[in-house]
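Asker: Okay, predicted coordinates and the sequence, questions at the end:
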Amino acid sequence: MLKVEHILVVGGGSAGWMSAATFCRSFPNKKITVIESPNVPTVSVGESTLAYIKTWLHFLGVSDEEFMSEVDASYKLSIKFTDFYKKDYGSFHYPFGEPSRKICPIGPEAWYIKKVLHPDTPLDDYSRCYFPQMALIEKNKLNKDPKGLLFEHGYHFEHAVAFHFDAAKFGLFLREKYCKPRGVKHISAEVKSVITDNDGVKEIILDDGTSISADLYVDCTGWKSLLLGESLKEPFISYSDRLVNNKAWATKIPYIDKEKEVEPYTNCTAINNGWVWNIPLWSRIGTGYVYSDKYISKEDALIEFKQYLKSDKMTIKADRNVEEFEFNDITMRVGIHERIWVKNVIAIGLAAGFIEPLESNGLFTVNDFLSRACQVLDREIVSQMDIDLVNNLCKKGFDAFANFIYIHYLLSQRTDTEYWRDLKKRSVTHLIDGNENENMFAKYMNTKVIGGSYEFGTGIHCISMGLNYNPMTINKLKSEEHLLRLSNYKRGLELQEKAWDEFKQMSNYIADNSPTLYEYLKENIYS
């Protein structure tokens, strides 16, 4: 049992200061201390987030104007996937927020039926038909559209936007502008040793000989996992059986034509042995090559990355001298500890686990684990049942996200290298086992002609349709003709097509009359 009055966060960075900010906002009467090493370097190639971050900042009471200019931030409305379906095929988007439900005369499954009846329909048409912000995304525009036509069709800016920002500046902002003014104690020191006993961690010894103890220790020491892994010896479960990428080369790129190159999305481009990210911040671009050293050496991966940066595939190419860039070699530990909370230690961020950068999941798991922890820390006494519940929920959520990432590779039709061919040979039982209430892919594949689909328009739907994996088939349509004749669907689809055309015209009109993302940021954030 734990009675938590003093929380000690070991490690700074994004995870450490997000933890401190969450705790001091949630529990203003608890003592919060952060020990941060002054000697740990930050790669800081740029951070890409998901829409949850807007809700979290709102919870803190931090406005966009207050936050963005401090962390070199830009808005993000979508994730773009290029060449994931087939080599040189093109792109599709996974926009944030809810799809429009006003344009579904014959139900949300209409596009699946359209694709069956008209196989030549482009894969990127799915997001265009359902997400009102797609015109903004494709034209590099931004419009908050408060209570306007896009809003009426489901585009609610506060729930459909995330950020690109500098991860190092993000940690500094939370430390200096949020946590310390609210009473969080900051200790800049190295941890010399961790003393444990039967209850977990007993005390932390710093490099100046100081001893510090607390009721709850939060391990934010990155992949080192100093408290949970090294000190408490909690086993680590590798996900290399399904997620093979374990390395990355990362660098920073200056803008040449900033107005065109500040894009409202993260671009993920599949290449020979992995994929390349492109994250446009306000002052620069962060880019990196995620790959597996099972299929290519780090030296050859760097050569391949540089070749990509010089190629026509790099949409922001222009006249940059790639050889002048500084490249950072990153080794990733992919997987999660068997338990993230053991005795009086809970791990957050990389110290707990990491999937891989695809789908911008790093800070999402930080936020998710913190939310779970805060639910039980609100109790006067934290019992073992509470700890077990947090471990169970965090592990299930982590596994579900890892499976979602895995689907990006499994559904790809690329066969041009050993890397892409091997990904299709791996076991997928963990993706298809279980009932519909537990398995998102099973829910997707059980989409019915009549009756609606599960979580229509979100993650699994956008990715699966972008990779041409349709839950609807001509046989499934015919098998349900007794419910509604296929001929009626064809007539209904004509009405649906007309609604989609009008929807796209409206979205394009608003986008054409909206400022570019660069113009909006310059006027409203960086003026």
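Answerer: Structure's in. What do you need?

Asker: quick one: residue 519 and residue 260, what's the gap?
Answerer: Going from residue 519 to residue 260 by Cβ to Cβ, to the nearest Å gives 12 Å. Where you see a C-beta, it was placed from the backbone N, CA and C, and this is true even at glycine.

Asker: just residue 179 next, same as before
Answerer: 37 Å.

Asker: Let's verify the spatially most central residue of the chain: helix, strand, or coil?
Answerer: Centroid-nearest residue in the chain, with Cα atoms, centre = their mean: residue 360, separated by 2.5 Å. With DSSP: H, G, I helix; E, B strand; the rest coil as the basis, residue 360 sits in coil.

Asker: check contacts around it.
Answerer: 48, 49, 50, 79, 162, 266 (Cβ atoms under 8 Å, 6 or more residues apart in numbering).

Asker: Show me the residues you listed that map onto strands.
Answerer: Among those, the ones falling in strands (DSSP state E) are 48, 79, 162, 266.

Asker: mind showing which ranges of this structure have poor pLDDT?
Answerer: By pLDDT under 70, the low-scoring segments of the chain are 41-46, 104-108, 315-320, 427-458, 477-490.

Asker: can you list the domain ranges for it.
Answerer: Segmentation of the chain into domains, based on automatic domain parsing, reads 6-46+166-239+334-406, 75-163+434-512, 247-331.

Asker: wait, which of the ones you listed is closest to residue 417?
Answerer: Closest approach to residue 417 among the domains of the chain (Cβ to Cβ): domain 247-331, 5.0 Å.

Asker: Between the two ends of the closest one, how far is it?
Answerer: End-to-end distance for domain 247-331: 5 Å, by Cα to Cα, to the nearest Å.

Asker: and the end-to-end length of stretch 113-127?
Answerer: End-to-end distance for stretch 113-127, by Cα to Cα: 15 Å.

Asker: And it, what's buried?
Answerer: Neighbour counts over stretch 113-127 (16 or more other Cβ atoms under 10 Å) mark 113, 114, 115, 116, 123, 124, 125, 126, 127 as buried.

Asker: give me the number of residues near the closest residue in space to residue 166 that isn't next to it in sequence?
Answerer: Leaving aside its sequence neighbours, residue 166 sits nearest to residue 72 (Cβ to Cβ, 6 or more residues apart in numbering; 4.3 Å). Applying other Cβ atoms under 10 Å, we find 21 other residues in the vicinity of residue 72.

Asker: Could you do residue 198 as well?
Answerer: Residues lying near residue 198 (other Cβ under 10 Å) number 6.

Asker: Same question for the one 10 residues further on.
Answerer: Under the neighbour criterion other Cβ under 10 Å, residue 208 is assigned a count of 9.

Asker: And residue 186, by the same measure?
Answerer: By the criterion of other Cβ under 10 Å, residue 186 has 17 neighbours.

Asker: Where does it fall, secondary structure wise?
Answerer: Using DSSP states H and E, residue 186 sits within strand 185-188.

Asker: Would you mind pulling up the elements that the following helix or strand past that strand packs against?
Answerer: Sequence order places strand 191-197 as the next helix or strand after strand 185-188, per DSSP H and E. With contacts defined as 3 or more Cβ pairs under 8 Å, 6 or more residues apart in numbering; DSSP states H and E, the packing partners of strand 191-197 are strand 200-206.

Asker: which other helices and strands contact the host helix or strand of residue 375?
Answerer: Taking DSSP H and E as the criterion, residue 375 maps to helix 362-377. Counting contacts by 3+ Cβ pairs under 8 Å, 6+ apart, helix 362-377 packs against helix 13-26, helix 52-60, strand 353-354, helix 384-410.

Asker: Most tightly packed of these?
Answerer: Sort the helices and strands packed on helix 362-377 by mean neighbour count, taking mean count of other Cβ atoms under 10 Å, and helix 13-26 sits at the top with a mean of 24.

Asker: Direction included, what does whatever helix or strand comes next after that helix pair up with?
Answerer: Following helix 13-26 in sequence order, the next helix or strand is strand 31-36 (DSSP H and E). The strands beside strand 31-36 in its sheet (DSSP bridges) come out as strand 6-10 (parallel), strand 185-188 (parallel).

Asker: want to try CSV for these, with distance to residue 465 as columns?
Answerer: Output for those, formatted as CSV (distance: least, Cβ to Cβ, whole Å):
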stretch, distance to residue 465
strand 6-10, 41
strand 185-188, 47
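
Asker: closest one to residue 493 among those?
Answerer: The closest of the strands paired with strand 31-36 to residue 493 is strand 6-10. By Cβ to Cβ, the value is 55.2 Å.

Asker: so the host helix or strand of residue 81 versus helix 384-410, what angle?
Answerer: Using DSSP H and E, residue 81 maps to strand 78-82. Angle of strand 78-82 versus helix 384-410, following axes from the mean of the first three to the mean of the last three Cα atoms, to 10 degrees, is 40 degrees.

Asker: now the helix or strand following strand 78-82, how far from the chain's geometric center?
Answerer: Sequence order places strand 91-95 as the next helix or strand after strand 78-82, per DSSP H and E. Mean-position distance between strand 91-95 and its chain equals 14 Å (Cα atoms, centre = their mean, to the nearest Å).

Asker: Could you list the residues in contact with strand 91-95?
Answerer: 77-83, 85, 123-124, 126-127, 131, 133-134, 137, 160, 265, 267, 459, 462-463, 465-467.

Asker: Could you do stretch 305-313 as well?
Answerer: Outside stretch 305-313, the residues that touch it by Cβ under 8 Å, 6+ apart are 82-83, 249, 253, 269, 271, 276, 287, 289, 314, 317, 320, 322-323, 325, 327.

Asker: Can you turn the buried part of those residues into a PyMOL selection?
Answerer: Entered in PyMOL, the line below selects the buried ones among those, by 16+ other Cβ under 10 Å:
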select buried, resi 82+83+249+253+269+271+276+287+289+314+317+320+322+327
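
Asker: Let me know the closest of the contacts of stretch 305-313 to residue 515.
Answerer: Set against residue 515, the nearest of these by Cβ to Cβ is residue 253 (24.0 Å).

Asker: wait, isn't that closest one in contact with residue 326?
Answerer: No. Between residue 253 and residue 326 no contact is recorded; they are 10.8 Å apart, counting by Cβ atoms under 8 Å.

Asker: Let me see the contact set for residue 341.
Answerer: Counting by Cβ under 8 Å, 6+ apart, residue 341 makes contact with 347, 373, 387, 390, 391, 394.

Asker: Between all of these, which two are separated the most?
Answerer: The widest separation within these, taken as Cβ to Cβ, falls between 347 and 387 and amounts to 12.6 Å.

Asker: Please export the C-alpha coordinates of the helix holding residue 375 as CSV.
Answerer: C-alpha atoms of helix 362-377 as CSV (Å, rounded to 0.1, in the frame of the first residue of the first chain):
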residue,chain,number,x,y,z
GLY,A,362,5.9,8.5,-28.2
LEU,A,363,4.3,11.3,-26.1
PHE,A,364,0.9,9.6,-26.6
THR,A,365,2.0,6.7,-24.3
VAL,A,366,3.4,9.2,-21.9
ASN,A,367,0.1,11.0,-21.6
ASP,A,368,-1.9,7.7,-21.5
PHE,A,369,0.2,6.2,-18.7
LEU,A,370,0.1,9.4,-16.7
SER,A,371,-3.7,9.5,-17.0
ARG,A,372,-4.0,6.0,-15.7
ALA,A,373,-1.7,6.7,-12.8
CYS,A,374,-3.5,9.9,-11.8
GLN,A,375,-6.8,7.9,-11.6
VAL,A,376,-5.5,5.9,-8.7
LEU,A,377,-3.2,8.5,-7.2
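
Asker: Thank you, goodbye.
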